[in-house]
Structure formats: structure tokens, C-alpha cells
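Novice: Kindly generate the corresponding structure for this input.
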Amino acid sequence: MKRTLAYLSLLFILGVFLYIANPNYGLVFGPGGKEWLSLRYTDNYYITHGLKEVGGMNIVTDIVFDYRGYDTIGEATVLFTAIAGAVALLRPWRRDES
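Specialist: Numbers count the residues shown, from 1 in each chain. A predicted model of the protein is given here:
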């Protein structure tokens, strides 16, 4: 009986969370429609001018490698440093056999 009540309460809580997460009924995290275009002008600029300025067919690649190139190089450097540090820490220490 206790398990059934616990499962029903968890199911109820999940339903409440799903209702809140639905943008049509619950929380809305940002404006939509015409307000979105006025506040997110950089997105609209990339979409309309990306093909003419960069010449690529994939807008995501154009943004990452052309518009945000320096930022991407910095992120790649941080990622490489983190991976190198993790490999150095997880590698077993070797002892000299002499």
C-alpha cells in the first residue's frame, strides 16, 4: 500500500512538472512571435545575412567558425587542456626499474 501511494505521488509530481514545463499552459521563459524578432536581432541577422557574407550552406558552421572564430579557438584550447589534464591524472605512474 505504501509503495502504491509513493508511486502515485511521484506520478502526480511528474504530471505537475510536465504541466509547468509546457509553454502553452505553464511557464514561459521568453517572448515569442513578433517580440522574439525585436529582442533576438543577432539570430535574425545571422539567418538572413549568413549565406551572403560567409558563403557556407550550414548556418551553424558559419556562426561557429566565422562569426565566433576567436571564441571557438578559446573553447577548443580549454577543452584540449582539460582533456590533457585528465589524461595526465588518470595515467598510472611509472617507476624506474633500475
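Novice: going forward, measure contacts between C-alpha atoms and count neighbours the same way
Specialist: Will do.
Novice: Break this protein into its domains for me.
Specialist: 1-30, 31-90 (automatic domain parsing).
Novice: Export these to JSON lines and append columns for mean neighbour count.
Specialist: Converted to JSON lines, those look like this (neighbours: other CA atoms under 10 Å):
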{"stretch": "domain 1-30", "mean neighbour count": "11"}
{"stretch": "domain 31-90", "mean neighbour count": "12"}
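Novice: Can you show me the helices along the chain?
Specialist: In the chain, the helices defined using DSSP state H lie at 2-21, 34-39, 41-53, 59-62, 69-90.
Novice: Lowest average confidence across those helices, which one?
Specialist: Across the helices of the chain, helix 34-39 has the smallest mean pLDDT, namely a mean of 71.
Novice: measure Leu89 to Lys52 for me?
Specialist: Going from Leu89 to Lys52 by CA to CA, to the nearest Å gives 47 Å.
Novice: for Gly85, that is, sorry about that
Specialist: As judged by CA to CA, Gly85 and Lys52 stand 41 Å apart.
Novice: Please report how far the closest residue to Ile63 other than its chain neighbours lies from Gly56.
Specialist: Nearest non-adjacent residue to Ile63, counting by CA to CA, 6 or more residues apart in numbering: Tyr46, 7.5 Å away. Distance of Tyr46 to Gly56, given as CA to CA: 12 Å.
Novice: Then Tyr70?
Specialist: The spacing between Tyr70 and Gly56, counted by CA to CA, is 18 Å.
Novice: And for Leu11?
Specialist: Distance from Leu11 to Gly56, counting by CA to CA: 47 Å.
Novice: and if you look at Phe65?
Specialist: Applying CA to CA, the value for Phe65 to Gly56 is 10 Å.
Novice: cool, Arg91 as well?
Specialist: Distance, Arg91 to Gly56, by CA to CA: 41 Å.
Novice: All good on my end, thank you.
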